[in-house]
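K.L.:
Predicted coordinates and the sequence they were generated for:
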Amino acid sequence: MSASPPLVIKVENLSKTYDLGKTQVKALRSVSFEIQKGEIVAIMGPSGSGKSTLMNLIGCLDTPTSGSYTLNGQLASAMTENELAQVRNRDIGFVFQVFNLLPRATAFHNVELPLIYKGTKKKERETKVRAALAEVEMLDRMDHRPPELSGGERQRVAIARALVNEPALILADEPTGNLDSRTGGEILKIFHKLHGEGHTIVLVTHDRSVAEQAGRIIHLRDGGIEREERKGA
């Protein structure tokens, strides 16, 4: 019997409470799940279900009130701020709805930035950036700046930037939210291709058609897991 793929994500009884003056808001309530290397998983739910809070915790952008989160064998709560910053740059590739590209920088430089922060040498940076842009079919547009690119092209550049450090996890927050349906479909095809190459991907979405691209859907409601759905189950 073959061994199971290693765990990229392990979430145990994760909770997050925000103090708003005299009011406490329980944004996340004792959430637990695991994601194996090479899986594509969607986290789905309506507005206010806890999706954004969970994404921020998985992305090491916030800390839980209680419970634990382990990424690639590392316990997030045991890391310093500097170590968390390194994890965000090295182990997680972020793809956002609003692209988050520098408008005055070329596509090449936008993709190169995580490698600069990491201290990668120039020649190696160039090789990696070209490979990432080729992966999303944007090599011929690498000298263009975001205002000169369509929405779909900007998202391709953002995906290349997420890929360039060869992260353990690609975390995509509403990645087609600002795109028309045809362009959104093209972006989802890229995620499928990356999944086929062995990348671990988490899609955070309220859109059923996006969630259905995943092999597993974790449904959130009122800060907790309402149910899990597996493709073909």
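P.N.:
Thanks, I have it.
K.L.:
which parts of the biggest helix by length in the chain are buried?
P.N.:
Counting residues, the longest helix found in the chain (DSSP state H) is helix 181-196. Within helix 181-196, the residues scored as buried using 16 or more other C-beta atoms under 10 Å are 183-184, 187-188, 190-191, 194-195. Yep, even glycine has a C-beta here, placed from its N, CA and C like the rest.
K.L.:
One more: stretch 194-209?
P.N.:
Of the residues in stretch 194-209, those scored as buried under the neighbour-count criterion (16+ other C-beta under 10 Å) are 194-195, 199-205, 207.
K.L.:
do stretch 127-139 as well
P.N.:
The neighbour-count criterion (16+ other C-beta under 10 Å) identifies 128-129, 132-133, 135-136, 138-139 as the buried residues of stretch 127-139.
K.L.:
export it as CSV, just CAs?
P.N.:
Output for stretch 127-139, consisting of C-alpha atoms alone and laid out as CSV, is shown next (Å, rounded to 0.1, in the frame of the first residue of the first chain):
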residue,chain,number,x,y,z
THR,A,127,15.7,32.2,-15.4
LYS,A,128,13.0,31.7,-12.8
VAL,A,129,11.0,34.7,-13.9
ARG,A,130,11.1,33.7,-17.6
ALA,A,131,10.0,30.1,-16.6
ALA,A,132,7.1,31.4,-14.5
LEU,A,133,5.9,33.8,-17.2
ALA,A,134,6.2,31.0,-19.8
GLU,A,135,4.0,28.8,-17.5
VAL,A,136,1.2,31.3,-17.9
GLU,A,137,1.9,32.2,-21.5
MET,A,138,3.0,35.8,-20.8
LEU,A,139,6.6,35.8,-22.0
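K.L.:
As JSON lines, the buried residues of stretch 127-139 with pLDDT would be great.
P.N.:
Below are the buried residues of stretch 127-139 laid out as JSON lines (pLDDT from 0 to 100):
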{"residue": "Lys128", "pLDDT": "95"}
{"residue": "Val129", "pLDDT": "96"}
{"residue": "Ala132", "pLDDT": "95"}
{"residue": "Leu133", "pLDDT": "95"}
{"residue": "Glu135", "pLDDT": "92"}
{"residue": "Val136", "pLDDT": "93"}
{"residue": "Met138", "pLDDT": "94"}
{"residue": "Leu139", "pLDDT": "94"}
